[in-house]
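Undergrad: I'll drop the sequence and a predicted model, then ask my questions.
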Amino acid sequence: MRIALVNIGRIVSGDWREPVVAGDCIVCDGGAIQHVGSADKTALAGCDVIIDAAGTTAIPGLIDSHVHITFGDYTPRQRTVGFLESYLHGGVTTAISASEVHVPGRPKDPAGVKALAVAARRCFETYRPGGMRVHAGAVILEPGLTRADLAEIRQQGVWLAKAGFGAFPTPYDYEETIAWARELGMITLVHTGGASIPGSSGIWADHLLRLRPHVSFHTNGGPIAMPDADYPRLVYESDMALQVCTAGNLRTTLLCARLLTEADAFARLLVATDTPTGSGIMPLGMLYTISHLASLAGIAPELAIAAATGNNARVYGLNSGVIAPGRDADVILIDACAGGSKNDACAALANGDIAAVGAVISDGVPRFVGRSRNTPQTMHPVVVAENRILHDFAAPAH
């Protein structure tokens, strides 16, 4: 499918170093972005669908790098089906597993945690709930796992390793398994803050600086934050990415953002939700944290969006998260909400409002055009201007 988005008011790239791209048109062909710039005849030739953005803002599809996947589009923690498809209506086109720890009766022996990670990954290789891409299968590091075990599942495609829920006596005991996972090319993730579930323990800066993972998960607390004095240590004594989550501590989210900005290390700030958990399901969680950063931390909305898109893509090695030719065709159109006091998405986010989602394109396919079922209507109506495919891309009315 070849689609074009025209009459775009502003293109936010997702790259924090060059957050805005010139142009009013994006063309996607197959699953990739082909053209970003002006809507000339050459660019629009052969398009199956043309979407009139009506002056709204195009940004990369949001990447939620902390979602507790299980199997299918179901969360046992909140007894709810369809939550991932609902997140897509909040602009999330990619979800990354924070481990399948919520699977009822989940195994804790080496054979079991390996099987769980491999099965989860395989189950989402071709399954896209609502059109969302899901990177599932984060092996939970438990005592007894060997380097050979990790090498075995690495060969089967598992590339995420999570520390924090295992039965090790102290957090320091994860050091060897994390080092093995890094050697094998896996992205290593460590729970940060107070204990979040029975059986886990608090993990603070001393632990993280010894373990050296790629990502400090929910650095702002999941949901309980570590002491304030630990945050400058993570910023200045390490190069790990610091993930802030909607379901964590808002005050320390703002503290992390300020410290990373002052250290000229903004690329290390990642936005995620850490849901579904005891805090519930948050389809608009990513948009809320973006608005918190833009309205309370003094961060430009374009940069806050980059923390939720391009920064996540860089740390996790994904081809999505940035609007540029050759990148994955995951694009959303956002705007100020109808009835609000602002006239465009970035002004609304800086005001502390969420943005309205007017269209979601993932893998080059329009998933809906016109109105998300989870946000208010856009200030400027997004419509399908031309359509040569027998399909109604409008979301169901509500």
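TA: Sure, I can see it. A quick note: this is a predicted structure, and the numbers were derived from the prediction, not measured.

Undergrad: Gly221: neighbour count?
TA: By other CB atoms under 10 Å, 22 other residues sit near Gly221. C-beta here means a position set from N, CA and C on the backbone, and glycine is covered the same way.

Undergrad: Helices of the stretch 251-398 of the chain, start to end?
TA: 285-296, 301-307, 310-316, 345-350 (DSSP state H, counting those that start in this stretch).

Undergrad: Where does pLDDT dip in the chain?
TA: 196-200, 395-398 (pLDDT under 70).

Undergrad: Contacts only, for His89.
TA: By CB atoms under 8 Å, 6 or more residues apart in numbering, the contact set of His89 is 130, 283, 357, 360, 368, 372-375, 395.

Undergrad: Quick check: the residue nearest to Gln34 when sequence neighbours are not counted vs Arg268, distance?
TA: Residue nearest to Gln34 in three dimensions, not counting chain neighbours: Val27, with 4.9 Å by CB to CB, 6 or more residues apart in numbering. Note on Val27: its distance to Arg268, by CB to CB, to the nearest Å, is 32 Å.

Undergrad: same question, Thr170
TA: Applying CB to CB, the value for Thr170 to Arg268 is 26 Å.

Undergrad: if you count what's nearby, which of these two comes out ahead?
TA: Counted by other CB under 10 Å, Thr170 and Arg268 do not tie: Arg268 has more neighbours, with 23 against 9.

Undergrad: pretty sure that one contacts Asn311?
TA: Yes. Look at Arg268 against Asn311 with CB atoms under 8 Å: they come within range, at 7.5 Å.

Undergrad: Find the residues that touch each one of the two.
TA: Shared contacts of Arg268 and Asn311, defined by CB under 8 Å, 6+ apart, comprise Ala241.

Undergrad: check contacts around Met282.
TA: Contacts of Met282 were listed using CB under 8 Å, 6+ apart, and they are 90, 246-247, 273, 275-276, 288.

Undergrad: and the residue nearest to it when sequence neighbours are not counted, how many neighbours?
TA: Excluding its sequence neighbours, the residue lying closest to Met282 (CB to CB, 6+ apart) is Thr275, at 4.8 Å. Residues near Thr275, counting by other CB under 10 Å, number 26.

Undergrad: Verify the stated contact: Thr275 with Gly248.
TA: No. Taking contacts as CB under 8 Å, Thr275 lies outside contact range of Gly248: 10.6 Å.

Undergrad: quick one, strands of the stretch 51-200 of the chain?
TA: Using DSSP state E, counting those that start in this stretch, the strands of the stretch 51-200 of the chain run over 57-60, 62-67, 74-75, 80-81, 92-97, 133-135, 138-140, 160-163, 187-190.

Undergrad: rewinding a little: for Ile11, find the nearest of the helices of the stretch 251-398 of the chain.
TA: For those, distance to Ile11 was read as CB to CB. The smallest value, 10.1 Å, belongs to helix 301-307.

Undergrad: how about the closest one as PDB, C-alpha atoms only?
TA: Output of helix 301-307 as PDB, limited to C-alpha atoms (Å, rounded to 0.1, in the frame of the first residue of the first chain):
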ATOM      1  CA  PRO A 301       7.200  19.600  23.300                       C
ATOM      2  CA  GLU A 302       9.200  18.500  20.300                       C
ATOM      3  CA  LEU A 303      11.900  17.200  22.600                       C
ATOM      4  CA  ALA A 304       9.500  15.500  25.000                       C
ATOM      5  CA  ILE A 305       8.100  13.700  21.900                       C
ATOM      6  CA  ALA A 306      11.600  12.600  21.000                       C
ATOM      7  CA  ALA A 307      12.000  11.100  24.400                       C
END
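
Undergrad: what sits up against that helix?
TA: Contacts to helix 301-307, defined as CB under 8 Å, 6+ apart, come from residues 12-16, 19-20, 59-60, 266, 269-271, 290-291, 293-294, 297, 299, 345-346, 349-350.

Undergrad: Which entries within those residues meet the buried criterion?
TA: Neighbour counting by 16 or more other CB atoms under 10 Å classes 12-16, 19, 59-60, 266, 269-271, 290-291, 293-294, 297, 299, 345-346, 349-350 among the contacts of helix 301-307 as buried.

Undergrad: what about stretch 272-290, distance to the chain center?
TA: Relative to its parent chain, stretch 272-290 has a centroid offset of 10 Å by CA atoms, centre = their mean, to the nearest Å.

Undergrad: With just CA atoms, put that stretch into CSV.
TA: Provided in CSV are the C-alpha atoms of stretch 272-290 (Å, rounded to 0.1, in the frame of the first residue of the first chain):
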residue,chain,number,x,y,z
ALA,A,272,7.3,4.8,28.9
THR,A,273,4.2,3.9,31.0
ASP,A,274,5.0,0.7,33.1
THR,A,275,1.5,-0.6,32.6
PRO,A,276,-0.7,-2.5,33.0
THR,A,277,0.1,-2.9,36.6
GLY,A,278,-1.6,-2.1,39.9
SER,A,279,-1.9,1.4,38.5
GLY,A,280,-4.1,0.1,35.8
ILE,A,281,-4.4,0.5,32.1
MET,A,282,-3.3,3.8,30.6
PRO,A,283,-4.1,4.1,26.9
LEU,A,284,-3.1,7.8,27.0
GLY,A,285,-0.2,7.4,29.4
MET,A,286,2.5,8.3,26.9
LEU,A,287,0.7,11.5,26.0
TYR,A,288,0.3,12.4,29.6
THR,A,289,4.0,12.0,30.4
ILE,A,290,4.9,14.0,27.3
